[in-house]
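Asks: Please work out how this folds:
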Amino acid sequence: MPGIADTNTIDLVAQEANGTVLLVMVEERHWGSDPEQASQLQAKINLYFGFVVDGNLARQYPETVGGRVRIRLDCVERPTRHFAHILTHAASQLAARAIDFQVNPRS
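Replies: The predicted model follows:
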């Protein structure tokens, strides 16, 4: 799977049982392990946001029009302070556009 470092690719598009469109981004590295990680994370979030609001999601998956959208970040661990701040800010910006955001750490 491409992951956060690939800031030009949507990692996964799925649909939950309740019909919510799920856009998943993946981070396999530990937080802070790459000096570019914070900027990559921001770029990846912006890519996903643009994919939804610019209509690319609807064009590629017409069955999703009018449905709820959730962006989920699957990661190996809970985000550390700096990354948590980025994610909290992103969640509030996405919520303003009725896009849910979830962080899903494995540990």
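
Asks: And the contacts of the longest helix seen in the chain?
Replies: Secondary structure of the chain per DSSP state H: the longest helix is helix 37-53. With contact meaning CB atoms under 8 Å, 6 or more residues apart in numbering, helix 37-53 is reached by 4-5, 7-10, 23, 25, 27, 29, 31, 34, 56-57, 69, 71, 82-83, 86-87, 90, 93-94, 97, 99. (Each C-beta comes from the backbone N, C-alpha and C, glycine too.)

Asks: Which element, helix or strand, includes the residue nearest to residue 105 when sequence neighbours are not counted?
Replies: Excluding its sequence neighbours, the residue lying closest to residue 105 (CB to CB, 6 or more residues apart in numbering) is residue 78, at 4.6 Å. Using DSSP states H and E, residue 78 sits within no helix or strand.

Asks: residues contacting residue 78?
Replies: 84, 103, 105, 107.

Asks: Could you rerun that using 10 Å?
Replies: Listed by CB atoms under 10 Å, 6 or more residues apart in numbering, the contact set of residue 78 reads 31, 84, 103, 105-107.

Asks: mind listing the helices for this structure?
Replies: 37-53, 56-60, 81-95.

Asks: Buried residues, the first one. List them.
Replies: Read that as helix 37-53. Buried residues in helix 37-53, counted by 16 or more other CB atoms under 10 Å: 37-38, 40-45, 47-49, 51-52.

Asks: State the pair within these that is farthest apart.
Replies: 37 and 52 (23.1 Å; CB to CB).

Asks: Endpoints of stretch 67-85, how far apart?
Replies: 28 Å (CA to CA, to the nearest Å).

Asks: Residue 85: neighbour count?
Replies: 12 (other CB atoms under 10 Å).
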